[in-house]
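Undergrad: Sequence below, structure please.
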Amino acid sequence: MKTVTVVFGLPGAGKSTYIESNLAQKVVFDDLSVLSKDKKIEDFLKEIKNLHWGDDIVLSDPMLCLKKNQEKLLAILREEFSEHKIHWIFIDTSFEVAKKRAIHDSLPTLLLLKNQINIDELENLEVIKDYNNGKRNHKKI
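TA: Take a look at the predicted model:
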């Protein structure tokens, strides 16, 4: 069964580094909100489906820390990628560490998400704690 892997965490958490180290062989769409900014997310994901239906896909975005965005994405994935398994990966990095790593442009997003991270009710969730250049501590939930 093909998989859609959704990677989320604070800006500077290590999402892109984790993807490059562990998921690079899949079709990757990192910073989904930036990639789809001129389109509705639904339309962007339909394009992905049309181009990459039989592939394992990785979607990543810090805004997926928010429950409303998770719910919206999940509804679209269940409709458009119904034959794919959905796997969530949360890169759990402290605010202080993420702030040190984040680039200047992402600081407003970092502050917005500071106390709003949601990991409740996500099925098939893997939490990776303090990912840093291939060193990780993780647990599956």
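Undergrad: count of neighbours near residue 101?
TA: Number of residues near residue 101 (other C-beta atoms under 10 Å) recorded here: 16. Using the backbone N, CA and C atoms, a C-beta is placed for each residue, glycine as well.
Undergrad: Could you pull up the residues touching residue 98?
TA: By C-beta atoms under 8 Å, 6 or more residues apart in numbering, the contact list for residue 98 reads 9, 10, 11, 12, 13, 110.
Undergrad: any idea how far it lies from residue 29?
TA: For residue 98, the distance to residue 29 equals 21 Å [C-beta to C-beta, to the nearest Å].
Undergrad: Next: residue 96.
TA: For residue 96, the distance to residue 29 - C-beta to C-beta - is 28 Å.
Undergrad: Residue 44 too?
TA: With distances taken as C-beta to C-beta, residue 44 is found 8 Å from residue 29.
Undergrad: the more surrounded of residue 96 and residue 29?
TA: Per other C-beta under 10 Å, whichever of residue 96 and residue 29 has more neighbours is residue 29, with 19 against 7.
Undergrad: wait, that one sits on residue 55?
TA: No. With contacts counted by C-beta atoms under 8 Å, residue 29 stays clear of residue 55, the gap being 11.2 Å.
Undergrad: Brilliant, that's me finished.
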